[in-house]
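K.L.:
Show me how the following folds:
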Amino acid sequence: MLYVTTRSIRFGFGAAMTGMAGCLSALAMMLTASVAGISAFMLAVPTAFEVLKYAGAAYLIWLGIQAWRAPVADITYAAIGSAGGTASRFAHFRGGFLVGISNPKLLVFAAAFFPQFIAAESPWVPQFLLLMATFVAVEACTYVILGLSSRGLVRYLQQAVWQRRLNRVTGVIFAGFGCALLRYRP
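P.N.:
Numbering: from 1, shown residues only. As a prediction, this is how the structure comes out:
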C-alpha cells in the first residue's frame, strides 16, 4: 500500500496504477505458489523460508534507505506528481512486483487462510480461482482508493521540507517492515 501511495504522490496516478499492477502480479503469483504447495515446502524446509525472508527483508530495508535518501527540492504544484517523472513504467511495475514478491508471510497466510474456504468434495481449481480473484479485486480496490486519495497530499509537497518528511517517514516504514520481517517466525 505504501508503494502505491508514494508512486501516486511522486509520479501521478498512472504510475501508481502501474506499480499496483506489479504488486497484484506478485500477489497472484504468490497465492498460486501457495496453493501449489510452496508454502508447505517452505514450512517443511525452514532454510528455504529463511532465505526468502532475508531477501525480502533486505529489499525492504534497501527501499527504506532509498526513500530516506531521495532528493528533494522546492517545486511548483503542477510539477509534483506529474505523469512525467524520471522512472519508466517498467520501473514502477518492477518495483511493485518486487515489493509484493518479497513478502514470504503471504505464503503462510494463504496456506492458513485458503483451506478454510475450499470444499474438499468439490473441484479445488475453480474454488481457488474464485478466492484468488476476490482477494486480488479487494486489493486492487484498496490500491485505487489509496492512489486517488493520496493525490490530495500533492499540494502540501511543494516545499522541500514536506518532501523530506514524507521521504523519511516512508523510509522508516519500509525499513521497519524489513526489520519486523527479520523477527518473523512461521
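K.L.:
Let me know the pLDDT of the nearest residue to residue 114 once chain neighbours are set aside.
P.N.:
The spatially closest residue to residue 114, leaving aside those adjacent along the chain, is residue 131, at 5.9 Å (C-beta to C-beta, 6 or more residues apart in numbering). The way it works is simple: take the backbone N, C-alpha and C, and place the C-beta from them, glycine included. With respect to pLDDT, residue 131 scores 87.
K.L.:
Distance from the chain centre to the lengthiest helix in the chain, please.
P.N.:
Determined from DSSP state H, the single longest helix within the chain is helix 124-150. Distance, stretch centre to chain centre, for helix 124-150: 13 Å (C-alpha atoms, centre = their mean, to the nearest Å).
K.L.:
Show me what the next helix or strand after that helix is packed up against.
P.N.:
For helix 124-150, the following helix or strand on the C-terminal side (DSSP states H and E) is helix 160-183. When contacts are defined as 3 or more C-beta pairs under 8 Å, 6 or more residues apart in numbering; DSSP states H and E, helix 160-183 packs onto helix 2-11, helix 46-69.
K.L.:
between those, which gets nearest to residue 140?
P.N.:
helix 2-11 (10.1 Å; C-beta to C-beta).
K.L.:
how far does that closest one sit from the chain's center?
P.N.:
Its chain's C-alpha centre and that of helix 2-11 lie 11 Å apart, by C-alpha atoms, centre = their mean.
K.L.:
Could you do stretch 170-183 as well?
P.N.:
On C-alpha atoms, centre = their mean, the centre of stretch 170-183 falls 13 Å from the chain's centre.
K.L.:
repeat for stretch 17-35
P.N.:
Chain-centre distance of stretch 17-35: 9 Å, with C-alpha atoms, centre = their mean.
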